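Asker: give me a model of this one.
(one chain, ligands or ions: 2)
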Amino acid sequence: MQLLHPFETSFGVTRERRILIVKATAGDHTGYGEVTAGEGPFYSHETSETAWLVLCDFIVPWTVGKSFERAADFMPLVGSIRGHNMAKAGMENALWDLEARQKGMPLWKLLGGERERIECGVSIGIQSSIDQLLEKIETEVRAGYRRIKIKIKPGWDLDVIRQVRQTFPKIRLMGDANSAYTLDDIDLFKQMDAFDIMMFEQPLHWEDIIDHAELQKHIQTPVCLDESIHSPEDARKAIDIAACRIINVKLGRVGGHSHVRAIHDLCRDRGIPVWCGGMLESGIGRSHNIALSSLPNFSLPGDVSASKRYWAEDLISPEVEVSPEGEITQSQAPGIGFEPREDFIEKITKRSRTFPV
Ligand code: OSB
Ligand code: MG
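Answerer: Ligands and ions are numbered 1, 2, ... in the order given. As a prediction, the model looks like this:
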């Protein structure tokens, strides 16, 4: 699927998405999950192709034909597979949708969600000029979005943040570095501290928590971890050493709804707010993100925004819409609450494989 606008981060530019969808059928019901891996191994080691391989060779054959009661029973089946969280999440999330449809209840309620309306933020990529960025921010603020995240990288940071703050003194603003900095940049972060930024997301190395703890000691602005957190254990250790004050929870990166719920509960008990990150998903992945954002400790606006910001045509009906107040209302329909458009999906599918019982 072609993105309406190229999306640039410190690790590269994305123009097209190769989206891998998992469909799980039991009896009369079908559930849908999305693998959120990128096209190349730049955000994480996983790609659409590594996920395809691991799903086809291991995860799906180990799951199909097994008898279990709840989606929450899936993870132990693939417990001996190390890593490949996005591939596992694609399968697990399809099972959660399936279970919710079998029970005739919305997924967000099955997950334990309480929030009927969720607050939405946007993530704005690196632009070719500051004026262009200011224009984009203006558009999103007018559309009602409740928090603006800008991508930063060396050379596109302090001046940009200063000018954004001058132009928009009141907006909730944050910066996401996608691991572009090191501890040598502490002074730069101290300077950026002056602009009332909600948080710096993943400023340092994508596997690190130790240096993040050091950086957090020197700055007022909360550090938020994204890339470094792959499991509830990672979250516990990061919180134990004060490497962050906020966590961006991504469904694919942490391996599916079961782990999201475990991280959510841990962070709630430790007083760490969380929010739902995005991976330029199609409507299928987006609908899962909307559902999990209803858990009570998802208390900050997520990168969960309208279909029309990404796609000319989305894979689901209705498309995801955001109100003028910057909110998405949970669907009361069973499962993910949006219907996958089977004909359209089939039309644009390049490859598919079916695993019979
Ligand atoms: O770091 O949060 C990130 C997109 C792809 C990979 C990593 C990230 C992002 C985003 C976009 O920030 C969020 C979205 O709008 O889906
Ligand atoms: Mg991020």
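Asker: quick one: neighbours of residue 27, just the number.
Answerer: The burial count assigned to residue 27 is 7, neighbours taken as other Cβ atoms under 10 Å. Just so you know, the C-beta spots here come from the backbone N, C-alpha and C atoms, and that holds for glycine as well.
Asker: start to end distance for stretch 245-256?
Answerer: With Cα to Cα, to the nearest Å applied, stretch 245-256 spans 22 Å between its terminal residues.
Asker: does any part of that stretch sit near ligand 1?
Answerer: No: contact of stretch 245-256 with ligand 1 is not found when judged by Cβ under 6 Å from any ligand atom; the minimum separation is 6.6 Å.
Asker: now do the helices in the stretch 101-250 of the chain.
Answerer: 107-110, 130-142, 158-167, 186-192, 210-218, 232-240 (DSSP state H, counting those that start in this stretch).
Asker: quick one: buried residues of the fourth one?
Answerer: By 16 or more other Cβ atoms under 10 Å, the buried positions in helix 186-192 come out as 186, 189, 192.
Asker: residues in contact with the second one?
Answerer: Under the criterion of Cβ atoms under 8 Å, 6 or more residues apart in numbering, the contact partners of residue 189 comprise 181, 200, 203, 215, 218, 219, 221.
Asker: with adjacent residues omitted, what lies nearest to the fifth one?
Answerer: Distances taken as Cβ to Cβ, 6 or more residues apart in numbering place residue 186 nearest to residue 218, at 5.3 Å, with adjacent residues excluded.
Asker: how far away is that neighbour from ligand 2?
Answerer: Note on residue 186: its distance to ligand 2, by Cβ to the ion, to the nearest Å, is 20 Å.
Asker: how about residue 63?
Answerer: Taking Cβ to the ion as the measure, residue 63 falls 30 Å from ligand 2.
Asker: same check, this time on residue 174
Answerer: As defined by Cβ to the ion, residue 174 lies at a distance of 10 Å from ligand 2.
Asker: again with residue 118
Answerer: As for residue 118, its distance to ligand 2 is 18 Å (criterion: Cβ to the ion).
Asker: ditto for residue 322
Answerer: Where ligand 2 is concerned, residue 322 sits at a distance of 20 Å (Cβ to the ion).
Asker: spatially nearest residue to that residue (excluding sequence neighbours)?
Answerer: Spatially, and ignoring its direct neighbours in sequence, residue 322 is nearest to residue 306 (4.5 Å; Cβ to Cβ, 6+ apart).
Asker: now the one you found: phi and psi?
Answerer: The phi/psi pair for residue 306 (degrees, to the nearest 10) reads phi -70, psi 150.
Asker: run a quick neighbour tally on it.
Answerer: A count of nearby residues for residue 306, using other Cβ under 10 Å, gives 20.
Asker: so who does it touch?
Answerer: Residue 306 sits in contact with 120, 143, 319, 320, 321, 322, where contact means Cβ under 8 Å, 6+ apart.
Asker: do you have the helices of the stretch 251-357 of the chain handy? List them.
Answerer: If you assign secondary structure with DSSP H, counting those that start in this stretch, the helices in the stretch 251-357 of the chain sit at 257-270, 283-292, 342-348.
Asker: tell me if I'm right that residue 344 and residue 311 touch.
Answerer: No: here residue 344 does not reach residue 311: they are 10.9 Å apart, not a contact under Cβ atoms under 8 Å.
Asker: in this protein, which residue sits nearest ligand 2?
Answerer: In the chain, the residue found nearest to ligand 2 is residue 226; the distance is 3.7 Å by Cβ to the ion.
Asker: buried residues in stretch 255-266?
Answerer: Of the residues in stretch 255-266, those buried by neighbour count under the rule 16+ other Cβ under 10 Å are 255, 256, 257, 258, 259, 260, 261, 262, 263, 264, 266.
Asker: coming back round to it: got the helices of the stretch 251-357 of the chain as TSV, with mean pLDDT and distance to residue 65 columns?
Answerer: Below are the helices of the stretch 251-357 of the chain laid out as TSV (pLDDT from 0 to 100; distance: least, Cβ to Cβ, whole Å):
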stretch	mean pLDDT	distance to residue 65
helix 257-270	98	21
helix 283-292	98	24
helix 342-348	97	24
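Asker: which one of those lies closest to ligand 1?
Answerer: Checking the helices of the stretch 251-357 of the chain against ligand 1 by Cβ to the nearest ligand atom gives helix 283-292 as the closest, at 8.0 Å.
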